[in-house]
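Chemist: Got a sequence here, can you build the structure:
(chains A and B)
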2 protein chains.
Amino acid sequence: MLLTGTVVADSETVIPDGAVVVSGSRIEAVGERSAVAPGYADHEHQSYDVLLPGLVGGHVHSVQSLGRGIADDTELLDWLFDYILPMEASLSAEEMAVAAKLGYLEMIESGTTTCVDHLSVAHADEAFEAAGEIGIRGVLGKVLMDQRSPDGLLEDTQAALDESERLIRRYHGSFDDRVRYAVTPRFAVSCSEECLRGARELADAYDGVRIHTHASENRSEIETVKEDTGMRNIHWLDEVGLTGEDVVLAHCVWTDESEREVLAETGTHVTHCPSSNMKLASGIAPVRDYLDRGVNVALGNDGPPCNNTLDAFTEMRQASLLGKVDRLDPTATPAGDVFEMATINGARAAGFDDLGAIREGWRADIVGLSTDLSRATPLHDVLSHLVFAAHGDDVRFTMVDGTVLQEGGEVTAIDAEAVRRKASEVGLGMDLTAERRSAWRHKP
Amino acid sequence: MLLTGTVVADSETVIPDGAVVVSGSRIEAVGERSAVAPGYADHEHQSYDVLLPGLVGGHVHSVQSLGRGIADDTELLDWLFDYILPMEASLSAEEMAVAAKLGYLEMIESGTTTCVDHLSVAHADEAFEAAGEIGIRGVLGKVLMDQRSPDGLLEDTQAALDESERLIRRYHGSFDDRVRYAVTPRFAVSCSEECLRGARELADAYDGVRIHTHASENRSEIETVKEDTGMRNIHWLDEVGLTGEDVVLAHCVWTDESEREVLAETGTHVTHCPSSNMKLASGIAPVRDYLDRGVNVALGNDGPPCNNTLDAFTEMRQASLLGKVDRLDPTATPAGDVFEMATINGARAAGFDDLGAIREGWRADIVGLSTDLSRATPLHDVLSHLVFAAHGDDVRFTMVDGTVLQEGGEVTAIDAEAVRRKASEVGLGMDLTAERRSAWRHKP
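Modeler: Numbering: from 1, shown residues only, chains lettered A, B, ... in the order given. Presented below is the predicted three-dimensional model:
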């Protein structure tokens, strides 16, 4: 397929009248249209105002999609234990499939082509199958919770690890290696030492399996881990093997100097989730500091109940703006840096070293969007537009692994209306009454 | 006209199957569809998923629209003196008209029906005429700059005040009182005491004329005013008469306890501009504190070069999220509070006491939007959706003063394509070279 438009190949390479050729699942050529296109005149040709690498959601919860808007303006522990965990525990396999599909649909519509997806304890198969069916690229993992967790989510340690291993064998590298596995402890608070060490062992036993967990998101979490282990959270994770080049830690808001050194030295990936950290009032992650230390920082929308969208353009804007005001320095987190966070850094965190830029031979995950908009006028600077003014709504074309999932603004990968209809039905049918919620309440 | 849909009449009143009847420029009826609609069966009828009061941009710079994206990631003084002021000074009357039209177009497309608009020193007539033509509601003002300002903007004090008075006589209350005047000193740094006192005298001399200025946006501004006057900025403004119920102060990021008391005691309106304050790294305004003191806080996108959009939905989301993380309290700035900031508080700041909610007898500024979107699914809570997940892109219907400016997603008020085409041509033709910019450089 021949694609033409202004090509933002990476944060430093904009080709105003460019072309990209995709063959199979790979990018065969990229360059100026006049140089590239003539050789592919017989190929299918589509044109969009701007072509960019598909965006990477470095930390999402697709299966929380049905809880969008159920617990705004709520204290974190109430949010988690009164609303989110009860919802996760209550969903049937079929409902979990609906939730996952809604999440993947929203992402491919709005330009996210890869996600590092924190599922729930049960019914992970449904999410893997949904990712496979819809065509998104994903590093998914069943959640591990073997302590301080409410009934319905709490699992026996070995059973949880065994189930993870079953899923690895079944899904890691599936769908032409578009879908991979990450062992996914929820966070240190809800996982025993045996569980965390078991996660590391599993990841070591299977080539390319990653580890994905929440870390140092809020202060009470830090205090709990300190009480349990006598250590700061990142040191504890390091102690049990949950740092390293195959580990993605979401949030990392509350880290001290020594912990940041550990992150940098071990090559651990950090996923920054600015909107979620703001909405849950967790705090502001020291992103500029991480980048200066050489930590690979990805970007994530987290889940719909704490964002409330999976629009990665919103998150790029947020990451830049929050980084600037946090340092009182407008140069702290420029557009190029956050574009890299949402593309190539995210791809690295997800474990793909040939993804996240439009380069010859790389995986063909490509997004096309329209700039025929007042908020894109005048278009002085395409990268500025993508980071500061574009919305996921502008996305008209989404390709993953060379397969078209959306074109001309229409999703072709799945019946979008049917997914939304089913998601509304299931979501609005959930029992969110205080009685139902209190039955699940089990704060640590 | 009969409008039906879920009516969000104000932050506390949602009518799921509602109806609004508009007669002339006023709302004639609002209520449940079954009760209201039968009496108006012969009226023109349009239906949208959600109907809400038109949003109010409590501080915008429509005429900076051509500079969208020209000075991102830039230090404030460089931003202002190297890019923004030179651009303002260089625009011809025709170009200023194009800039204003682009700003008003973007606002009416994305649901902002009223703006408190900080124009430039010259060619204010063009903006007034553009607002009149397009149909937006606006409180506009020519900018006053009589000290510490570059050539091309610096004016003689009396000449500047005289020109303001000419504009008041010509435009205040024009277009059926849809367009009004605000005397608009740029900020204390660029205005002499005579100029500031003159602004107060002008506002007092004409009924309903307001005063609109920037205040306490950044720390160097505070220091300069302190050096000049020996006072903190808000005390200085109070001293020269620029506080009170007819005054709108944009930003108010850096205020101390005693200044906040002045704002509350005098009934001065504050316009919070969270995205701008973040992008320019100005700081975080103490919004929760202002609200707790009873200060009326409106919301503003500021200008396209520091936002980079005029989408008020983005700004509601930002205000809520920033307020939460600033206080490390997720309940600090709930959805209802920021919805009020963007609607009824903004209307009050603009000087309209029958605007900003859908109420019988009030002015008919109404927006309709679509929720047939993945990011609006499931729709557990309409207000949550409007604040946290909606975009201006979702707006399909815009009515100001009973006149339809957009319906079915198509702008009817003006040829949108022609405005964008002309704005691109003029904007991309501006001379932004370093040579040109340095000729204008004149930092205080």
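
Chemist: Quick one: residues contacting A:Gly294.
Modeler: By C-beta atoms under 8 Å, 6 or more residues apart in numbering or on different chains, the residues touching A:Gly294 are A:Ala264. Just so you know, the C-beta spots here come from the backbone N, C-alpha and C atoms, and that holds for glycine as well.

Chemist: so what's it scoring on pLDDT?
Modeler: What the model reports as pLDDT for A:Gly294 is 98.

Chemist: Chain neighbours aside, what residue packs nearest to A:Glu44?
Modeler: Leaving aside its sequence neighbours, A:Glu44 sits nearest to A:Met1 (C-beta to C-beta, 6 or more residues apart in numbering or on different chains; 4.9 Å).

Chemist: Is the one you found in contact with A:His43, as I believe?
Modeler: Yes. If you go by C-beta atoms under 8 Å, A:Met1 and A:His43 touch, sitting 5.9 Å apart.

Chemist: Of those two, give the one with the bigger neighbour count.
Modeler: A:Met1 (18 against 15; other C-beta atoms under 10 Å in any protein chain shown).

Chemist: Next one: that one from A:Ala37, what distance?
Modeler: Distance, A:Met1 to A:Ala37, using C-beta to C-beta, to the nearest Å: 12 Å.

Chemist: these two touch, right, A:Asp246 and A:Tyr206?
Modeler: No. In this structure, A:Asp246 is not within contact of A:Tyr206 by C-beta under 8 Å, at 10.5 Å.

Chemist: neighbour count winner among these two?
Modeler: A:Asp246 (21 against 16).

Chemist: burial count for the residue lying closest to the more buried one once chain neighbours are set aside?
Modeler: Nearest residue to A:Asp246, sequence neighbours excluded (C-beta to C-beta, 6+ apart): A:Arg210, at 5.0 Å. Residues lying near A:Arg210 (other C-beta under 10 Å) number 24.

Chemist: A:Arg210 bridge partners, please.
Modeler: Assessed by DSSP bridges, A:Arg210 has beta-bridge partners A:Ala182.

Chemist: ok, now which ones touch it?
Modeler: A:Val116, A:Val139, A:Arg180, A:Tyr181, A:Ala182, A:Val183, A:Ala203, A:Asp246, A:Val247, A:Val248, A:Ala350, A:Gly351.

Chemist: and the fourth one, what does it touch?
Modeler: Going back to what we said before, that points to A:Tyr181. For A:Tyr181, counting by C-beta under 8 Å, 6+ apart, the contacting residues are A:Val139, A:Leu140, A:Gly141, A:Ser164, A:Leu167, A:Ile168, A:Tyr171, A:His172, A:Tyr206, A:Val209, A:Arg210.

Chemist: Which residue is the nearest non-sequential neighbour of it?
Modeler: The nearest residue in space to A:Tyr181 (C-beta to C-beta, 6+ apart) is A:His172, at 3.9 Å.

Chemist: wait, what's in contact with the one you found?
Modeler: By C-beta under 8 Å, 6+ apart, the neighbours of A:His172 are A:Val179, A:Arg180, A:Tyr181, A:Tyr206, A:Gly208, A:Val209.

Chemist: Same list, these, but as TSV with pLDDT and distance to B:Ala332 please.
Modeler: Shown next, in TSV, are the contacts of A:His172 (pLDDT from 0 to 100; distance: C-beta to C-beta, whole Å):
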residue	pLDDT	distance to B:Ala332
A:Val179	98	40
A:Arg180	98	39
A:Tyr181	98	39
A:Tyr206	98	44
A:Gly208	98	43
A:Val209	98	40
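
Chemist: Chain B contacts on the stretch 201-350 of chain A?
Modeler: Taking C-beta under 8 Å from any C-beta of the partner chain as the contact definition, the stretch 201-350 of chain A meets chain B at A:275, A:277-284, A:304, A:307-311, A:318, A:320-322, A:324-325, A:327-332, A:334-335.

Chemist: list the buried ones in the biggest helix by length in chain A?
Modeler: Ordering each helix of chain A by length in residues (DSSP state H) puts helix A:93-110 first. Neighbour counts using 16 or more other C-beta atoms under 10 Å in any protein chain shown place A:95-110 of helix A:93-110 among the buried residues.

Chemist: cool, and stretch A:194-205?
Modeler: Here stretch A:194-205 shows A:Cys195, A:Leu196, A:Arg197, A:Gly198, A:Ala199, A:Arg200, A:Leu202, A:Ala203 as buried, counting by 16+ other C-beta under 10 Å.

Chemist: Show me those that map onto helices.
Modeler: Per DSSP H, those map to helices at A:Cys195, A:Leu196, A:Arg197, A:Gly198, A:Ala199, A:Arg200, A:Leu202, A:Ala203.

Chemist: going on from the strand or helix carrying A:Phe313, what's the next piece of helix or strand?
Modeler: Per DSSP states H and E, A:Phe313 falls inside helix A:312-327. Moving toward the C-terminus from helix A:312-327, the next helix or strand (DSSP H and E) is helix A:335-342.

Chemist: Give me the distance between that next one and the centre of its chain.
Modeler: 15 Å (C-alpha atoms, centre = their mean, to the nearest Å).

Chemist: Name the residues that touch it?
Modeler: Here helix A:335-342 has contacts from A:8, A:10-12, A:55-56, A:58, A:272, A:291, A:297-299, A:312, A:315-316, A:319-320, A:323, A:383-384, A:386-388, B:72-73, using C-beta under 8 Å, 6+ apart.

Chemist: quick one, that helix and helix A:312-327 angle?
Modeler: 120 degrees (axes from the mean of the first three to the mean of the last three C-alpha atoms, to 10 degrees).

Chemist: The residue of the stretch 251-400 of chain A found nearest chain B: what's it in contact with?
Modeler: For the stretch 251-400 of chain A and chain B, the shortest gap (C-beta to the nearest C-beta) falls at A:Pro378, measuring 2.9 Å. Residues near A:Pro378 by C-beta under 8 Å, 6+ apart: B:Leu66, B:Arg68, B:Gly69, B:Ala423, B:Ser424, B:Val426, B:Gly427, B:Leu428.

Chemist: Mind giving me the ChimeraX select for the residues you listed, buried ones only?
Modeler: One line in ChimeraX is enough to select the buried ones among the contacts of A:Pro378; burial here means 16+ other C-beta under 10 Å:
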select /B:66,68,69,423,424,426,427
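
Chemist: can you redo the contacts of A:Pro378 as a markdown table with pLDDT, secondary structure and distance to B:Leu369?
Modeler: Putting the contacts of A:Pro378 into a markdown table (pLDDT from 0 to 100; DSSP: H, G, I helix; E, B strand; the rest coil; distance: C-beta to C-beta, whole Å) gives the following:
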| residue | pLDDT | secondary structure | distance to B:Leu369 |
| --- | --- | --- | --- |
| B:Leu66 | 97 | helix | 28 |
| B:Arg68 | 96 | coil | 23 |
| B:Gly69 | 94 | coil | 26 |
| B:Ala423 | 98 | helix | 25 |
| B:Ser424 | 97 | helix | 27 |
| B:Val426 | 96 | helix | 30 |
| B:Gly427 | 96 | helix | 28 |
| B:Leu428 | 95 | helix | 31 |
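
Chemist: So for stretch A:328-347, what gets flagged as buried?
Modeler: A:330, A:332-347.

Chemist: Give me the distance between the two termini of it.
Modeler: 29 Å (C-alpha to C-alpha, to the nearest Å).

Chemist: Return the distance of the helix or strand containing A:Ala264 from the chain's centre.
Modeler: Assessed by DSSP H and E, A:Ala264 sits inside helix A:257-266. Relative to its chain's centre, helix A:257-266 lies at 23 Å (C-alpha atoms, centre = their mean).

Chemist: With stretch A:112-124 instead?
Modeler: 8 Å.
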